[in-house]
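**Student:** Sequence below, structure please.
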Amino acid sequence: MKREIKNTGVWVTPLCFGASGLGDMPDTYGYEVSAERARQTLDAIFESNVNFIDTSNNYGFGESEKRIGEAIKANGGLPEGFVISTKLDRDMDTLVFDADRARRSIDESLTRLNLDRVPILHLHDPEHAGNLDDVTRTGGALDELFRMKEEGLADAVGLAMGKNDLMFELIQQWPFDTLISHNRWTLLNRSAERIFAYAATEGMAILNAAPYAGGVLAKGADIMPKISYSPADDEALIPVRKIEALTSRHGVATGAAALQFSLRDARITSTIVGVSKPERVAETLEWAAADLPSGLREALAMLPADMSDPEAHRDYKPG
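**Tutor:** Model (predicted):
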């Protein structure tokens, strides 16, 4: 059943496919994605029952949007009712993120996507701006975001970022329709609790990204010994292995348990799952529909969760 983004008339499925990996970001994910593989993945998404995809101006330095735009063109346009969310981004060379940069960002995005507007537009990662005041001051990038909504360039506008403390401040100061938090509401980490609780009381649509903690809860601790994009040693992986032991005991894929942890939260409008090959699209749909024994859900709920910043030690690279 589709859910509305606040009162904007934009309706999305409980699942959203994240397209950052489709932009070929080996510094973040540790693997490359060819244009052909990206197209096959996008075709699988368009053919699925999910109507929602999320990208950004800076994913793959624009390559994610470009590949989506090429797929849209080859498809003869977006499938009816399909929703694209993209994001305004800082200048990746100068780190400038003022109103002028925000305007250039949306122009770049619409050109790449072969669209004249988008249903959902977020301001992205203000914590990485060279000067936060350029974003937040009167006439800054955030004011420009809301101006874009007034102009009809987007139906819904939101905030997508990592740092919880700054995000909590900003969502109290601007009337966002939606927000994206990533890696901070998973089986391992619950540090977005205060943000989600406030957003829910304000009727703000919550989009929860990266339910697999950067991939480890989907691929496994042995295959991908990283948590939230950072290398993890044996001690750090202990919570992951406890989850894996529980899901194995119940005959359930760890990825299914991790995904449904987010899908079952009534506050969350849609869960954003990154995919970079068509097989992952099918797997995600299978995991979303998997039958999880109540005993497993209860056991997982009893495990302690980290409340600290999961990316505190991340060596951030935009590619």
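
**Student:** can you tell me which residues contact residue 111?
**Tutor:** Residue 111 makes contacts with residue 69, as judged by CB atoms under 8 Å, 6 or more residues apart in numbering. Quick note: C-beta positions are derived from backbone N, CA and C, even for glycine.

**Student:** what's the spacing between it and residue 66?
**Tutor:** 9 Å (CB to CB, to the nearest Å).

**Student:** now swap in residue 261 and tell me
**Tutor:** 33 Å.

**Student:** Please apply the same query to residue 222.
**Tutor:** Going from residue 222 to residue 66 by CB to CB gives 35 Å.

**Student:** Quick check on these two: which one has the bigger neighbour count.
**Tutor:** Between residue 222 and residue 66, counted using other CB atoms under 10 Å, residue 66 has the larger neighbour count: 23 against 11.

**Student:** and the more buried one, that's in a helix?
**Tutor:** Yes: Residue 66 forms part of a helix when assessed by DSSP: H, G, I helix; E, B strand; the rest coil.

**Student:** check contacts around the closest residue to it other than its chain neighbours.
**Tutor:** Of all residues not flanking residue 66 in the chain, residue 112 sits nearest, at 4.6 Å (CB to CB, 6 or more residues apart in numbering). Residues near residue 112 by CB under 8 Å, 6+ apart: 62, 65, 66, 68, 69.

**Student:** please redo it, this time with the cut-off set to 6 Å
**Tutor:** 62, 65, 66, 69 (CB atoms under 6 Å, 6 or more residues apart in numbering).

**Student:** Now for those, which sits with the most neighbours around it?
**Tutor:** Busiest of the contacts of residue 112 [other CB under 10 Å] is residue 65, holding 29 neighbours.

**Student:** can you give me the mean pLDDT across the longest helix seen in the chain?
**Tutor:** Criterion DSSP state H: the longest helix present in the chain is helix 99-113. For helix 99-113, the mean pLDDT works out to 98.

**Student:** could you dump that helix to CSV, C-alpha only?
**Tutor:** Below are the C-alpha coordinates for helix 99-113, written out as CSV (Å, rounded to 0.1, in the frame of the first residue of the first chain):
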residue,chain,number,x,y,z
ALA,A,99,21.7,29.6,-2.8
ASP,A,100,23.4,30.1,-6.1
ARG,A,101,25.0,26.6,-5.8
ALA,A,102,21.7,25.1,-4.8
ARG,A,103,20.1,26.6,-8.0
ARG,A,104,22.9,25.2,-10.2
SER,A,105,22.6,21.8,-8.5
ILE,A,106,18.9,21.4,-9.4
ASP,A,107,19.6,22.6,-12.9
GLU,A,108,22.3,20.0,-13.3
SER,A,109,20.1,17.3,-11.9
LEU,A,110,17.1,18.0,-14.1
THR,A,111,19.4,18.1,-17.2
ARG,A,112,20.9,14.7,-16.3
LEU,A,113,17.6,13.1,-15.4
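
**Student:** buried stuff in it?
**Tutor:** 99, 101, 102, 103, 105, 106, 108, 109, 110, 112, 113 (16 or more other CB atoms under 10 Å).

**Student:** again, but for stretch 128-148
**Tutor:** 128-129, 132, 134-136, 140-145, 148.

**Student:** Tell me the one of those residues nearest residue 235?
**Tutor:** Using CB to CB, residue 128 comes nearest to residue 235 of the buried residues of stretch 128-148, at 29.1 Å.

**Student:** Which pLDDT value goes with the closest residue to the closest one other than its chain neighbours?
**Tutor:** Distances taken as CB to CB, 6+ apart put residue 90 closest to residue 128, at 6.4 Å, once the chain neighbours are dropped. pLDDT recorded at residue 90 is 98.

**Student:** Please shift the residue numbers so they start at 388 in all later answers.
**Tutor:** Yes, from this point I'll number from 388; that puts the last item at residue 477.

**Student:** my guess is residue 477 meets residue 518, correct?
**Tutor:** No: using CB atoms under 6 Å, residue 477 makes no contact with residue 518, being 9.8 Å away.

**Student:** How much space separates the spatially most central residue of the chain from residue 478?
**Tutor:** Nearest to the mean C-alpha position of the chain, counting by CA atoms, centre = their mean, stands residue 596 at 3.7 Å. Remark: distance between residue 596 and residue 478 (CB to CB) = 23 Å.

**Student:** can you check residue 399 too?
**Tutor:** Residue 399 is 30 Å from residue 478, by CB to CB.

**Student:** Of those two, which one has the most company?
**Tutor:** residue 399 (27 against 17).

**Student:** Tell me who's in contact with that one.
**Tutor:** Counted by CB under 6 Å, 6+ apart, residue 399 has contacts 439, 470, 657.

**Student:** Tell me the one of the residues you listed nearest residue 561?
**Tutor:** For the contacts of residue 399, the nearest to residue 561 is residue 657 (20.7 Å; CB to CB).

**Student:** Leaving out the residues flanking it, which one is nearest to the closest one?
**Tutor:** residue 403 (4.6 Å).
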